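Student: 3D, please:
(chains A and B)
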Protein chains: 2
Amino acid sequence: MRTPDATATPVSTRATTKRQRERGRYEPSEIYTILDEALICHVAISDESGPCVLPTIHARIGDRLYLHGAASNHLLRAIAHGAEACVEATIVDDLVLARSAFHHSMNYRSVVLYGSGSAVTEREEKRAAVTAIVDHVLPGRSNDVRAPTTAELRSTIVVRIPIKEASAKVRTGPPIDDAEDLDLLIWSGVIPVRTVLSRGVASLDAPDGIEVPRYVMNPVRGPVPR
Amino acid sequence: MRTPDATATPVSTRATTKRQRERGRYEPSEIYTILDEALICHVAISDESGPCVLPTIHARIGDRLYLHGAASNHLLRAIAHGAEACVEATIVDDLVLARSAFHHSMNYRSVVLYGSGSAVTEREEKRAAVTAIVDHVLPGRSNDVRAPTTAELRSTIVVRIPIKEASAKVRTGPPIDDAEDLDLLIWSGVIPVRTVLSRGVASLDAPDGIEVPRYVMNPVRGPVPR
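Tutor: Next up, the predicted model:
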């Protein structure tokens, strides 16, 4: 773990970690790393029927988060029209087993981002966003695919949310038990949790003679420099 | 995959899958299985600063979803006081690589639950909920831990949300490419995604002579019959 940058501070009250403040992180680099590693995110808006949160894939380019979907997507249309959004992404690193039920926990890295989004209408930015979303899933994949047509781009809604009002929250380390529980003969420690990709399974309708890319033989998600 | 039960229908408009309706599922058993398998969920409310979504652990007992946290937890206090909530849980099963960027997708199972929660104040229900939350992380763990004291239960807020206004959405299978793309020499298929637990790493401050439970040697999360 890097040492938190003491100069990075929350930009608003709602983007300040309320509980366990020592776990709050506000450096953009730490927020970006978590957003890049998280395979999906969870996007909340409020509409006439109340709060709504849905899972979706995302990608980051610089200090902007991009989301996309079908042009009719209710949630993205609301964000495109200026609805306030809250986006959360979380990676669980360990189960944390304490002696007491009470002190059980998880090691995790999460980001919560608040903001107003806007529709991406400019063609080059839209193309860059959908390309980044393909590469978010598997770095390098966008080089190999049939690129989006103008009609496909038209039928896709893309929104951007500035990564400005955001915070990360990080827990690491062993369980923290009460002193009087330390000698109990109860196993305590951490159980690592990993998201693992396995070798790809090809479509049955594929023609012969297709080269199997490295990201399919031995798939690894990882940082894509931008 | 089981055949969807044709008698199971959505209970409200907001709990109806809007896009790709053929992926919607409304049988309680399917919704319960997804909630039980998902390690964490994502809870949204709306308050005076707008929508807010945070990750948390959950557990299900019958047709109720339980969430817990510190008594001062802002989001849980709002739900305890009757705020409408939306809870989402998602398991990603595969990355779906199509020939075209446009048809890239994921295989996933997700649940979205809408509802008003309430505080659990009755002692036995509160104890059952926190026990279920420990066992949600690793089945059987609750048998081995130091049980919660009355003071610990008092400092914990527990809310229940009825699993009534809920839907699941499920995608399975290979990529679905446009007919004119099928002969392109571009690899297409699925890349399995799994959440894997590894053998536990014991706390350094543990006394000698502690038996290592099976769920630590070879940890597997799985259904806990209730």
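Student: where along chain A do the strands fall?
Tutor: A:24-25, A:41-47, A:50-56, A:58-61, A:64-70, A:84-97, A:105-116, A:118-119, A:156-162, A:165-171, A:189-197, A:201-202 (DSSP state E).
Student: ok, how many other residues are close to A:V212?
Tutor: Neighbour count for A:V212, taken as other CB atoms under 10 Å in any protein chain shown: 12. C-beta coordinates here come from the backbone N, C-alpha and C atoms, glycine included.
Student: what sits against the nearest residue to it once chain neighbours are set aside?
Tutor: Distances taken as CB to CB, 6 or more residues apart in numbering or on different chains put B:W187 closest to A:V212, at 5.9 Å, once the chain neighbours are dropped. Neighbouring residues of B:W187 by CB atoms under 8 Å, 6 or more residues apart in numbering or on different chains: A:D144, A:G200, A:A202, A:A206, A:I210, A:E211, A:V212, A:P213, A:V216, B:L97.
Student: swap in A:G117?
Tutor: With CB under 8 Å, 6+ apart, A:G117 has these contacts: A:L67, A:I79, A:A80, A:G82, A:A83, A:A85, A:V159, A:R160, A:I161.
Student: before we move on, back to that, can you lay out the strands of chain A as JSON lines showing mean neighbour count?
Tutor: Below are the strands of chain A laid out as JSON lines (neighbours: other CB atoms under 10 Å in any protein chain shown):
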{"stretch": "strand A:24-25", "mean neighbour count": "21"}
{"stretch": "strand A:41-47", "mean neighbour count": "24"}
{"stretch": "strand A:50-56", "mean neighbour count": "22"}
{"stretch": "strand A:58-61", "mean neighbour count": "21"}
{"stretch": "strand A:64-70", "mean neighbour count": "21"}
{"stretch": "strand A:84-97", "mean neighbour count": "23"}
{"stretch": "strand A:105-116", "mean neighbour count": "22"}
{"stretch": "strand A:118-119", "mean neighbour count": "15"}
{"stretch": "strand A:156-162", "mean neighbour count": "22"}
{"stretch": "strand A:165-171", "mean neighbour count": "22"}
{"stretch": "strand A:189-197", "mean neighbour count": "18"}
{"stretch": "strand A:201-202", "mean neighbour count": "14"}
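Student: so which of these comes closest to B:A89?
Tutor: strand A:50-56 (8.7 Å; CB to CB).
Student: partner strands of the closest one, parallel or antiparallel?
Tutor: strand A:41-47 (antiparallel) (DSSP bridges).
Student: So what's the gap between the partner strand and the chain middle?
Tutor: 14 Å (CA atoms, centre = their mean, to the nearest Å).
Student: likewise stretch A:46-62?
Tutor: The answer for stretch A:46-62 is 12 Å, by CA atoms, centre = their mean.
Student: Could you work out the end-to-end span of it for me?
Tutor: 27 Å (CA to CA, to the nearest Å).
Student: And the closest residue to A:P213 other than its chain neighbours, how close does it get to B:P174?
Tutor: Of all residues not flanking A:P213 in the chain, B:W187 sits nearest, at 5.7 Å (CB to CB, 6+ apart). B:W187 sits 12 Å away from B:P174, taking CB to CB, to the nearest Å as the criterion.
Student: could you pick out which of the contacts of A:G117 are near chain B?
Tutor: With CB under 8 Å from any CB of the partner chain as the criterion, the contacts of A:G117 include A:A85 near chain B.
Student: which one of the contacts of A:G117 sits closest to chain B?
Tutor: A:A85 (6.6 Å; CB to the nearest CB).
Student: Return the residues in contact with that closest one.
Tutor: Counted by CB under 8 Å, 6+ apart, A:A85 has contacts A:V43, A:A44, A:I45, A:I79, A:Y114, A:G115, A:S116, A:G117, A:I161, B:P51.
Student: Reformat those residues into JSON lines and put pLDDT and distance to A:S105 next to each item.
Tutor: Formatted as JSON lines, these follow (pLDDT from 0 to 100; distance: CB to CB, whole Å):
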{"residue": "A:V43", "pLDDT": "98", "distance to A:S105": "26"}
{"residue": "A:A44", "pLDDT": "98", "distance to A:S105": "24"}
{"residue": "A:I45", "pLDDT": "98", "distance to A:S105": "30"}
{"residue": "A:I79", "pLDDT": "98", "distance to A:S105": "33"}
{"residue": "A:Y114", "pLDDT": "98", "distance to A:S105": "25"}
{"residue": "A:G115", "pLDDT": "96", "distance to A:S105": "29"}
{"residue": "A:S116", "pLDDT": "96", "distance to A:S105": "33"}
{"residue": "A:G117", "pLDDT": "96", "distance to A:S105": "33"}
{"residue": "A:I161", "pLDDT": "98", "distance to A:S105": "30"}
{"residue": "B:P51", "pLDDT": "98", "distance to A:S105": "26"}
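Student: Residue ranges in chain A under the pLDDT threshold?
Tutor: For chain A, residues meeting the criterion pLDDT under 70 lie at A:1-7, A:222-226.
Student: Next up, the contacts around the residue of it positioned farthest from its centre.
Tutor: The C-alpha centroid of chain A is most remote from A:D183, which lies 39.1 Å away (CA atoms, centre = their mean). Counting by CB under 8 Å, 6+ apart, A:D183 touches B:P207.
Student: any idea how far A:L138 is from A:D144?
Tutor: Taken as CB to CB, the span from A:D144 to A:L138 is 10 Å.
Student: Of the two, which one has the most company?
Tutor: A:L138 (23 against 19).
Student: Spit out the contact partners of that one.
Tutor: A:Y215, A:P219, A:R221, B:L95, B:L97, B:I191.
Student: What is the nearest of these to A:I34?
Tutor: A:R221 (13.2 Å).
Student: longest helix anywhere in chain A?
Tutor: helix A:123-137 (DSSP state H).
Student: okay but A:S100 is in contact with B:V145, surely?
Tutor: Yes: A:S100 is within contact range of B:V145, at 6.1 Å (criterion: CB atoms under 8 Å).
Student: And the residue nearest to A:V212, its phi and psi?
Tutor: phi -60, psi 130 (degrees, to the nearest 10).
Student: Check the gap between it and A:L197 for me.
Tutor: 15 Å.
Student: Distance check, A:R214 against chain B.
Tutor: From A:R214 over to chain B the distance is 11 Å, taken as CB to the nearest CB, to the nearest Å.
Student: actually A:H136, sorry about that
Tutor: 10 Å.
Student: what about that residue, neighbour count?
Tutor: 23.
Student: OK, contacts around A:S198?
Tutor: Contacts of A:S198 (CB under 8 Å, 6+ apart): A:P219, B:I191, B:P192, B:R194.
Student: pretty sure A:A132 contacts A:R60?
Tutor: Yes: at 7.3 Å, A:A132 and A:R60 qualify as touching, with contact defined as CB under 8 Å.
Student: what's the straight distance from one end of stretch A:169-188 to the other?
Tutor: 23 Å.
Student: What distance do you get for the residue lying closest to A:V145 once chain neighbours are set aside to B:G24?
Tutor: If the residues on either side of it in the chain are set aside, A:V145 comes closest to B:A101, at 4.5 Å by CB to CB, 6+ apart. Separation of B:A101 from B:G24 (CB to CB): 26 Å.
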